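Chemist: Would you be able to build a 3D model of this:
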Amino acid sequence: MSHHVRARLVALPVAALACLALTPAAHAADVQANSPQVPATTPFPADTLPPVFPTNKQNEPSIAVSAADLTAGAAAPDGYHLVAGSNDEQEQPRCGPGPRRGDVPASDCSFFPGVGTDGVYTSSDGGRTWTNRGLLDDQPSWKAANFVSDGDPVIISGPKPIGAGFSLAAGARFYYVGLASQKVSTFNGGNGGSEVIVASHSDDNGVTWSKPVVASTKTNPITFNDKPSAWVDRNPSSPHFGNLYVAFTMFRSATLNGNGNEPIGVQRLHKRDHGDPLVRPAEPALRPPARPTTVARYGWLGLAAVGAGKREWRAT
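Modeler: Model prediction:
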């Protein structure tokens with residue numbers, strides 16, 4: 001998302017997507033996944049309860065079904081495990097003066113520094129009921145890390161690591177890919193450093209999450225990473241079974257208009273090998289022309305088996 005634009009979305013109808021995919025259309029019904037919008041366990045009850053704008057705002061949802069449930073087959077879709085996420089402001093202070101904002105104008109609804117926006121919601125009954133798990137930032141692993149979640153969530157599921165490989169019989173690993181910024185900047189001598197792409201994983205259907213791992217290679221403070229996409233190779237016969245792939249848009253400084261700050265969309269590809277906690281970068285999958293007249297801004301990534309290999313789709 002990056003903290004530049006606000007768009008109101010009161011309810012998160014992710015269960016509608018789940019029902020569409022898992023049950024007959026006649027049974028489809030919207031269910032609010034982030035209910036309550038702010039859990040009673042919120043770390044900031046003084047200025048988030050009861051939830052009002054912007055605390056009650058979510059947008060850009062993502063949802064994934066357990067790859068193990070889809071492959072091994074639960075007793076029925078009603079037993080499928082789902083994990084959803086969104087840009088969620090449930091821990092942002094309400095507008096105007098308050099315990100955290102202090103003495104500010106009543107119109108001040110800005111994003112509060114150091115407060116994340118990656119919401120997590122889980123279901124163990126195929127999307128009929130949901131639990132609001134709060135933010136990724138509430139996880140002990142995130143609290144100990146030098147990152148604040150910053151939205152644009154992409155959630156995907158694949159096989160769980162076992163030994164040196166992966167297995168769907170062992171269960172599913174969910175990945176949460178999104179934007180993050182540093183609590184204390186390590187870029188450019190501590191001056192600047194915008195969005196990076198990070199990935200966390202969960203081996204218990206979204207209840208707990210690993211520390212964020214940087215998937216991008218940002219070292220230049222004038223580049224801006226945005227709009228990630230992700231996919232996991234779930235084909236057991238593939239030599240890349242279990243690999244996580246991440247694509248995103250990189251905005252780089254250019255000088256076509258003389259301003260030195262023109263965005264150029266660049267899509268890059270990354271993968272995770274056999275449970276290795278590091279996401280190692282590959283070479284750029286898409287390079288901009290020398291003098292582009294159009295800008296590629298969004299990426300979509302998918303994989304499918306082709307003979308003994310694999311085929312990748314990258315759309316912008």
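
Chemist: Quick check: which ranges of this protein have low pLDDT?
Modeler: Regions of the chain meeting the criterion pLDDT under 70 cover residues 1-28, 72-76, 188-194, 217-223, 251-316.

Chemist: Can you list the residue ranges for helices in it?
Modeler: 14-22, 67-68, 140-143 (DSSP state H).

Chemist: So V148 is in contact with G114, correct?
Modeler: Yes - between V148 and G114 there is a contact at 5.9 Å, judged by CB atoms under 8 Å. C-beta coordinates here come from the backbone N, C-alpha and C atoms, glycine included.

Chemist: Overlap of the contact sets of the two?
Modeler: Residues touching both V148 and G114 comprise K183, with contact defined as CB atoms under 8 Å, 6 or more residues apart in numbering.

Chemist: The two: which is more packed in?
Modeler: Between V148 and G114, counted using other CB atoms under 10 Å, the more crowded position is V148 (21 against 10).

Chemist: Quick check: the gap between the more buried one and Y175.
Modeler: Taken as CB to CB, to the nearest Å, the spacing of V148 relative to Y175 amounts to 19 Å.

Chemist: cool, L244 as well?
Modeler: Distance, L244 to Y175, using CB to CB: 6 Å.

Chemist: between those two, who's got more neighbours?
Modeler: Each of L244 and Y175 had its neighbours counted (other CB under 10 Å), and the higher figure belongs to Y175 (24 against 21).

Chemist: what's the spacing between the more buried one and T41?
Modeler: The gap separating Y175 from T41 is 25 Å, by CB to CB.

Chemist: doesn't G98 make contact with A46?
Modeler: Yes - here A46 lies in contact with G98, judged by CB under 8 Å, at a distance of 7.5 Å.

Chemist: Looking at these two, which is more packed in?
Modeler: Applying other CB under 10 Å to A46 and G98 shows that G98 carries more neighbours, namely 17 against 11.

Chemist: Just give the closest residue to that one, not the sequence neighbours.
Modeler: For G98, ignoring the flanking residues on the chain, the nearest one in space by CB to CB, 6 or more residues apart in numbering is D47 at 4.3 Å.

Chemist: Check A106 too.
Modeler: Sequence neighbours aside, G96 is the residue nearest to A106 in space, at 4.0 Å (criterion: CB to CB, 6+ apart).

Chemist: Pull up the gap between the one you found and P54, please.
Modeler: With CB to CB as the criterion, G96 and P54 are 11 Å apart.

Chemist: Next, show the common contact partners of those two.
Modeler: For the pair G96 and P54, residues contacting each of them under the criterion CB under 8 Å, 6+ apart are C109.

Chemist: So which of those two has more stuff around it?
Modeler: Remark: of G96 and P54, P54 carries more neighbours, 18 against 14, as counted by other CB under 10 Å.

Chemist: how close does the more buried one sit to P236?
Modeler: Taking CB to CB as the measure, P54 and P236 are separated by 44 Å.

Chemist: these two touch, right, A64 and I155?
Modeler: Yes - in this structure, A64 is within contact of I155 by CB under 8 Å, at 4.3 Å.

Chemist: any residues in contact with both of the two?
Modeler: 83-84, 174.

Chemist: Please identify which of those is nearest to F166.
Modeler: Closest approach to F166 among the shared contacts of A64 and I155 (CB to CB): F174, at 13.5 Å.

Chemist: residues contacting the closest one?
Modeler: Under the criterion of CB under 8 Å, 6+ apart, the contact list for F174 reads 64, 66, 83, 155-157, 201-202, 205-206.

Chemist: Tell me the spatial nearest neighbour of V115, not counting adjacent residues.
Modeler: With CB to CB, 6+ apart as the criterion, V115 has its nearest non-adjacent residue at 5.3 Å, and that residue is E91.

Chemist: Return the distance of the one you found relative to V104.
Modeler: Separation of E91 from V104 (CB to CB): 18 Å.

Chemist: When the two are compared, which one has more neighbours?
Modeler: Of the pair E91 and V104, E91 is the one with more neighbours under other CB under 10 Å, namely 23 against 15.

Chemist: wait, isn't the more buried one in contact with L135?
Modeler: Yes - with contact defined as CB under 8 Å, E91 counts as touching L135 (5.9 Å).

Chemist: S167: what's it in contact with?
Modeler: Contacts for S167 (CB under 8 Å, 6+ apart) come out as 159-160.

Chemist: Please name the bridge partners of it.
Modeler: Applying DSSP bridges to S167 yields these beta-bridge partners: K160.

Chemist: next one: V246
Modeler: Using DSSP bridges, the bridge partners assigned to V246 are A230, H270.
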